[in-house]
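>>> sequence and computational prediction follow.
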Amino acid sequence: MKAFSILAALLVALPASADEQLVSAQQVIVDPSLPPAQRDAEMQAARRYATFWHTGDERFARAALAADFTDRTLPPGRAQGVPGPLAASKFVRTAIPDLQADLRQMIVAGDRVTVHYRFHGHFTGRWGNTQGQGQAVDFIATDIYRIADGKIADNWHIEDNLTLMRQLGLVAQ
């Protein structure tokens with residue numbers, strides 16, 4: 001069992017150069033009273049998670065999320081913990097393989113980081129029983145993370161799902 005734990009840690013470990021590839025926020029607002037080490041750790045966790053949403057690379061999510069990560073706005077049917085966002089990303093990327101998440105804004109205060117994303121891509125795959133026809137997808141989301149020990153421990157999020165469903169053709173305009 002110990003060998004499995006070591007192997008699992010190696011498989012999700014990010015190469016040293018991976019943090020150089022992290023997405024950056026277009027606008028960052030930081031509480032100036034935060035100690036620099038705390039500020040940097042919180043921003044790194046948020047940027048790793050943003051890079052996961054931007055690329056779909058699970059290593060970034062595993063590096064960003066605490067082992068006991070809790071989704072505080074868990075959608076029906078989604079698994080709690082780290083498996084939830086991993087499955088959500090795979091599902092969405094099945095429908096929108098070129099999905100990208102632009103990190104528009106990051107606000108860092110206390111043990112919280114609030115991020116605002118703009119997701120975009122093209123619906124060329126399948127969403128349930130619906131086959132995409134290449135239509136553009138462009139919607140927003142906002143997350144609030146609680147950071148503990150340099151990892152995202154809790155997440156509260158809201159996505160503009162109505163816009164997404166309309167763009168996918170699943171809800172009438």
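Good, I have the coordinates. Numbers count the residues shown, from 1 in each chain.

>>> so which elements touch the lengthiest helix in the chain?
Looking across the chain with DSSP state H, the single longest helix is helix 36-55. Using 3 or more Cβ pairs under 8 Å, 6 or more residues apart in numbering; DSSP states H and E, the elements in contact with helix 36-55 are strand 27-30, helix 58-64, helix 83-95, strand 100-109, strand 112-123, strand 135-148, strand 151-159. Heads up, the C-betas are built off the backbone N, CA and C, glycines and all.

>>> quick one: strands adjacent to the fourth one?
Sheet neighbours of strand 100-109, with direction, are listed as strand 27-30 (parallel), strand 112-123 (antiparallel) (DSSP bridges).

>>> can you lay out those strands as TSV showing distance to residue 50 and mean neighbour count?
Output for the strands paired with strand 100-109, formatted as TSV (distance: least, Cβ to Cβ, whole Å; neighbours: other Cβ atoms under 10 Å):
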stretch	distance to residue 50	mean neighbour count
strand 27-30	12	12
strand 112-123	6	20
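
>>> quick one, which of those strands is nearest to residue 173?
Minimum separation from residue 173 across the strands paired with strand 100-109 (Cβ to Cβ) falls at strand 112-123, 14.9 Å.
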